[in-house]
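J.: Predicted model and sequence follow; I will ask about them next.
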Amino acid sequence: MIHEALRATLFPALSRMVMHPDVTSLLAVQHDDLGIYALEARLASLAPRLAILEKERAKVSVALERARKATEAEEARHREARGRTETHRQLLERSQRQYESVTSPREATAALTQLEQTKRMVDESERDASHVQGRVNELRHQIADLEKQLADVEARQVEARSSLDADRVAIEREMSDARTKRERTADAVPRSMLHTYDRVRTRRRSETVFPLRAQSCSACDTAIPTQRRAAMAASGSLEMCEGCGVLLYAAE
Ligand SMILES: [Zn+2]
C-alpha cells in the first residue's frame, strides 16, 4: 500500500478523490458519539416524566400531611376544651350545693346569680368542645379522603413508574453497548487525531467534524486558504475552522 503522503505527492489529483482512511475511521467514531449523545438526551428526557409523577403524588401527600397536622392541633384544643368543661361542671356542682344551703333570701339571691353564671360557663365550654369536636370529625373525613386519593394516585402511577424504569434500564444498557462499540471504533484512529477531536467534541457536545465544501467550511461557509486545503487533502490532517471552531477534513 502506498503511503498516503507519498501518494499525495505522486498523484495529487487521485488523492483528492478519496477520503483519508484516518478520517473515515474518525467519522465512524463521530457517528458512535452522536449515537451516545442521542441516548444521553433520551435518558435526560426521563427526568421530567418522573417529575410530573412526583408532583402529582406530592400534591396529595402534602395536603394529607397538612390535614394530619391540623387534626393534631384540633385534638389538642378539644382536650383543653373538655378540661375546661370539667372544671366548670365542678364549679356548677359547688354553686348548686351553695344554693341549696342558703339560710337567708339575700344569700339566696347571690347564690342564684352564682349558679346561673356557672351554668352559662358550663354551656359555653360544652358548646366550644362540641364545636372543636365537629372540626376534628371534619378533618378526619378529609384525611380518609386524602388517604384514598393518595392510594389511587399511587395505584395509577405503578404502571407509569415501571414503564419509566424499564425505559431507563433499556437506555442504560444501550448506552453501555454504545460506549463499548465506540471504544473499539476509536482504536482505528491515530491517538493525536482522536485527542484533538475529543477536545473539540467535549466543548461542542454535537457534530464536530465537517467536510470542506468546495473551498469553504461546510458548517459556516468560511473560506479556507488554498494552501491549507492542499495540506488537508494530502495528509488527511484536520484543520480547525477559524469561523466556527469545528474540525474540517478534505472530503473530495
Ligand atoms: Zn466553520
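T.: Sure thing, it's come through.
J.: Downstream of the strand or helix carrying residue 155, the next helix or strand is which one?
T.: Taking DSSP states H and E as the definition, residue 155 sits inside helix 105-186. Sequence order places helix 191-204 as the next helix or strand after helix 105-186, per DSSP H and E.
J.: right, is that next one up against the ion?
T.: No: on the criterion CB under 5 Å from the ion, helix 191-204 is out of touch with the ion, staying 11.7 Å away. C-beta coordinates here come from the backbone N, C-alpha and C atoms, glycine included.
J.: now that helix and helix 105-186, what's the angle there?
T.: For helix 191-204 against helix 105-186, the angle by axes from the mean of the first three to the mean of the last three CA atoms, to 10 degrees is 150 degrees.
J.: Start the count at 720 instead of 1 going forward.
T.: New numbering, starting at 720: the last item is helix 910-923.
J.: Now helix 910-923: buried residues?
T.: For helix 910-923, the neighbour count (16 or more other CB atoms under 10 Å) marks 912-913, 915-916, 919-920 as buried.
J.: ditto for stretch 768-779
T.: For stretch 768-779, the neighbour count (16+ other CB under 10 Å) marks 772, 776, 779 as buried.
J.: Go through these and name the one nearest the ion.
T.: Each of the buried residues of stretch 768-779 was scored against the ion by CB to the ion, and residue 772 proved nearest at 43.1 Å.
J.: Near the ion, which residues of the stretch 870-971 of the chain? Just list them.
T.: 936, 938-939, 941, 960, 962-963.
J.: hmm, try it at 6 Å
T.: Taking CB under 6 Å from the ion, the part of the stretch 870-971 of the chain that reaches the ion is made up of 936, 938-939, 941, 960, 962-963, 965.
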